[in-house]
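[1] Give the three-dimensional model of this entry:
(chains A and B)
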Amino acid sequence: MIDLLGMEFMQNALLAGLLASMACGIIGSLVVVNRQVFMAGGVAHTAYGGVGLAFYLGLPVLPCAVGFTVLAALIMAMASFGRSERSDGIIGIMWAAGMAFGILLMDLTPGYNVDLMSYLFGSLLAVPRSDIWFMLLLDVLILGVVLFWYKDFLSLSFDMEFARSTGVPVRLLYALMQVLTAVTVVMVIQIAGLILVIALLTIPPMLAELFTDSLWKTMTLATLASLIFCLCGLALSYHLDLTSGASIIAVATAGYVLAWGFKSVRGRS
Amino acid sequence: MKPHDQSCPTCSGHGLPFNPEPHFRPLPGTGTPVIELRGVSFSFAEREVLSEVDLTVAMGDFLAVIGPNGGGKTTLVKLILGLLAPKEGTVRVLGADPLSSRPAVGYVPQHAQVQPSFPVTVHEVVLLGLRRAGGMLSIGRWPGYRRHEKDKAMEALRMVDMADLSTRRFDALSGGQKQRVLVARAMVSDPALLLFDEPTSNIDPQGKICLFDLLSALSSSITIVMVSHDLISASTRISSVAVVNRKLIQNRSRELTPAMLELIYGTHDASCPLDEYIRGVSSIFGQAGPRNTP
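    Numbering: from 1, shown residues only, chains lettered A, B, ... in the order given. Reported below is the predicted structural model:
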């Protein structure tokens, strides 16, 4: 076990799990309380367009995917703000269009032989050290923004109309929230893949919300839960030779079911 | 009204009548209306929601604005808050434009707009009502609250008799209790005007009585405007009434005139079943009855 921790790929995997858990705990909590899980799913699939663009242009994947996804998230935010009854259709279009754009660019990339599965289902054990530094930078950005405007995010998440009446710049913060979701999604694609990313964004905050009475506590507990799921999933993946992303999601799902059962039993007694 | 007792689940057995301390901001200047709308029209796309509306609310008034769904009640509230700008006419609140006056206006939005399930305590909900000076980058936006802010939120909770439940999760409260907390959130910034949008939605009858007792007590120290489609609840404790259904008619007393009833319901033959209902509403508001078609 000690030998295993001495290997760089395993150190990178642990660090990536830690950094992604932090982002998932914080932003996932905002996604869940704002009921924007579907939008986060749309952002995740649109990210594939960024991946395709990076390969087509020969650019680094992570920064290129971040830029592309942030742009797509801003378009979704502008199109859906204040029009919740139509937002699902707009998100659905962006979801499919982003994915198709990525596939087409992959087709057009000369000598294309990228492991598509690693982006669809993630590969925590293959995260390079250079991406760790970029993830750290994104985590600092997410933490700083959410910490500074915590009260405003809380106010608009709880009651957007009242937040507007107190002068909270609701439209700006709503767009900022989508940008942070996009950043987090791209970061977590490394670990769980774009198909499973939505699970890491929703399961830990939903579990945490069962046991907390404030948003910051939900964020903290969700970060911790996400980290535990990543570590357990990684161990499972290594020992049973399974796909790491799917193993993490399986552990997270089992964790949520257990927590929900515990809460239900305790509520009855 | 008979004081509430331990049997009232909404009041948690506090024993009304309320007697809130008049610690809120004194009403500004005498003679200036708290709200003044002149010739205000507003449209969503091609649909005219309000047409040439005039409204004057004096200091200390407790005004109920009633009307059918889609009649323009919520639009009226948003114009007063400065969340919407009129297409024509002027809106003045506390002698200034609505955006400038916003810090002095407490707002209780429709109950249904609040997230039904949310990890937040009652105390923190009230803290969200505190105004923060400065722009997006001001230091007041940092997380955490100062001691005096927490004390102020507790004081507002005591006023609505919810201090005992301050540490409870907001979504664990009953509809009536939630509404009281939202009143505390609106009152924590010491407003001169309290705007209420559909105060009785999602509240059981006993909760409505408790809420209107609270509003009645508050009206001794603050101007209150509430919009509602719940005519019977709105009839209690108010000092004046206005009806809105694209047009607006205001009455300085709490009586509904035949013209007001006609604006809401139109004209009906005496044999029409709705006529009987209208006569019932009229009697609640202390008026003889509607005009019938010949």
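[2] Just give me the residue closest to the centre of the chain.
    Since no chain was named, I'll use chain A. Closest residue to the average C-alpha location of chain A: A:V185 at 3.5 Å, with Cα atoms, centre = their mean.
[3] wrong one, chain B
    Closest residue to the average C-alpha location of chain B: B:F196 at 1.7 Å, with Cα atoms, centre = their mean.
[4] helices and strands of chain B: which one has the lowest mean pLDDT?
    helix B:231-234 (a mean of 66; mean pLDDT, DSSP states H and E).
[5] which strands and helices sit next to the strand or helix carrying B:T74?
    Taking DSSP states H and E as the definition, one finds B:T74 inside helix B:73-81. On a contact count with 3 or more Cβ pairs under 8 Å, 6 or more residues apart in numbering or on different chains; DSSP states H and E, helix B:73-81 meets strand B:35-44, strand B:47-57, strand B:62-66, strand B:88-93, helix B:98-101, strand B:105-108, strand B:193-197, strand B:223-228. All C-beta spots, glycine's among them, are computed from the backbone N, C-alpha and C.
[6] Out of these, which gets nearest to B:V183?
    Evaluated over those, closeness to B:V183 peaks at strand B:105-108, with 5.8 Å, by Cβ to Cβ.
[7] List the buried residues of that closest one.
    B:105-108 (16 or more other Cβ atoms under 10 Å in any protein chain shown).
[8] could you point out which element follows it?
    By DSSP H and E, the next helix or strand past strand B:105-108 is helix B:122-127.
[9] Pull out the buried positions in the next helix or strand after that next one.
    Using DSSP H and E, the next helix or strand after helix B:122-127 towards the C-terminus is helix B:147-159. Across helix B:147-159, burial judged by 16+ other Cβ under 10 Å covers B:149-150, B:152-157, B:159.
[10] what's near enough to touch B:I35?
    B:55-57, B:80, B:91-93, B:193, B:225 (Cβ atoms under 8 Å, 6 or more residues apart in numbering or on different chains).
[11] now it: how far from chain A?
    Using Cβ to the nearest Cβ, to the nearest Å, one gets 15 Å for the distance from B:I35 to chain A.
[12] okay, now the residue nearest to that residue when sequence neighbours are not counted: neighbour count?
    In this structure, B:I35 finds its nearest non-sequential neighbour in B:V57, 4.0 Å apart by Cβ to Cβ, 6 or more residues apart in numbering or on different chains. When neighbours are counted by other Cβ atoms under 10 Å in any protein chain shown, B:V57 registers 23.
[13] quick one: B:V57 and B:V65 touch, right?
    No. The criterion here is Cβ atoms under 8 Å, and B:V57 misses it with B:V65 at 9.6 Å.
[14] Need the overlap of contacts for these two.
    Joint contacts of B:V57 and B:V65 (Cβ under 8 Å, 6+ apart) are B:V225.
[15] quick check, nearest of the buried residues of helix B:147-159 to chain A?
    B:E149 (10.7 Å; Cβ to the nearest Cβ).
[16] what sits against the closest one?
    B:E149 neighbours (Cβ under 8 Å, 6+ apart): B:127, B:130.
[17] Against B:L127, how distant is it?
    6 Å (Cβ to Cβ, to the nearest Å).
[18] how about the residues of chain B that lie near chain A?
    Taking Cβ under 8 Å from any Cβ of the partner chain as the contact definition, chain B meets chain A at B:81, B:83, B:102-103, B:105, B:107, B:109-110, B:113-115, B:118-121, B:124-125, B:128-129, B:131-132, B:136, B:141-143, B:167, B:169, B:185.
[19] circling back: so how far is B:T74 from the residue nearest to B:I35?
    For B:V57 relative to B:T74 (Cβ to Cβ), the value is 17 Å.
[20] With B:V49 instead?
    9 Å.
[21] which stretches of chain A form helices?
    A:2-6, A:8-33, A:37-57, A:61-80, A:84-108, A:116-121, A:129-148, A:150-158, A:160-165, A:170-209, A:215-240, A:244-268 (DSSP state H).
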